[in-house]
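In: Let me see the structure of the following:
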Amino acid sequence: MATHVDYFEVGSPDPEVSKAFYGQLFDWEVGPPSPGAYSTVNGTAGGLWDTSAVGGGNWAIFYVHVDDVAEAVRKAESLGATVALPLTTNPAIEFAHLIDPHGNRFGVWRPRDQAEGQPS
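Out: Residues are numbered from 1 along each chain as shown. Okay, here's the model as predicted:
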């Protein structure tokens, strides 16, 4: 569903500490890291990203499912947002991180099959 918040992510340069903290606090099950240093949380509810290899940023963000990531980025910029992580594509999804005019980080995303005109 477009414009629906349906994913979250925690970025951490020390994912083991974050895994222990959130796992104990919320009883989250954090899976093993992928080759891209990304672990899923509670199946497909969210993710924990080891950011130590990409600048070591910290964040806890929500993702909004959109029909067109590039267009959402353009529109957000026209409304005063800045790009924190430009449009990124992997085999499964496209996404970007943005900073709203008040400094809050958020993400926009869509599945690649949707991006290619096929139903998700």
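In: Now the phi/psi pair for the residue nearest to residue 60 when sequence neighbours are not counted, please.
Out: With Cβ to Cβ, 6 or more residues apart in numbering as the measure, residue 10 is the residue that lies nearest to residue 60, at 5.1 Å, once sequence neighbours are left out. To be clear about C-beta, it is placed using only N, CA and C from the backbone, and glycine gets the same treatment. Phi and psi for residue 10, reported as degrees, to the nearest 10, are phi -110, psi 120.
In: For residue 10, which residues are in contact?
Out: The contact partners of residue 10, by Cβ atoms under 8 Å, 6 or more residues apart in numbering, come to 18, 22, 41, 46, 47, 48, 49, 59, 60.
In: Could you report the separation of the last one from residue 30?
Out: Right, the one you point to is residue 60. Shown here: residue 60 relative to residue 30, a distance of 14 Å by Cβ to Cβ, to the nearest Å.
In: do the second one as well
Out: Separation of residue 22 from residue 30 (Cβ to Cβ): 7 Å.
In: do residue 103 as well
Out: Counting by Cβ to Cβ - residue 103 and residue 30 are separated by 27 Å.
In: Same question for residue 69.
Out: With distances taken as Cβ to Cβ, residue 69 is found 26 Å from residue 30.
In: what do you get for residue 62?
Out: Counting by Cβ to Cβ - residue 62 and residue 30 are separated by 18 Å.
In: what are the ranges of the strands in the protein?
Out: In the chain, strands defined by DSSP state E lie at 4-12, 38-41, 46-50, 59-65, 82-89, 93-99, 105-111, listed in chain order.
In: Dump those strands to a markdown table, plus mean pLDDT.
Out: As requested, these are exported to a markdown table (pLDDT from 0 to 100):
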| stretch | mean pLDDT |
| --- | --- |
| strand 4-12 | 93 |
| strand 38-41 | 96 |
| strand 46-50 | 95 |
| strand 59-65 | 94 |
| strand 82-89 | 96 |
| strand 93-99 | 96 |
| strand 105-111 | 95 |
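In: Check the chain for its longest helix and report it.
Out: Among the elements of the chain assigned as helix by DSSP state H, the one spanning the most residues is helix 15-26.
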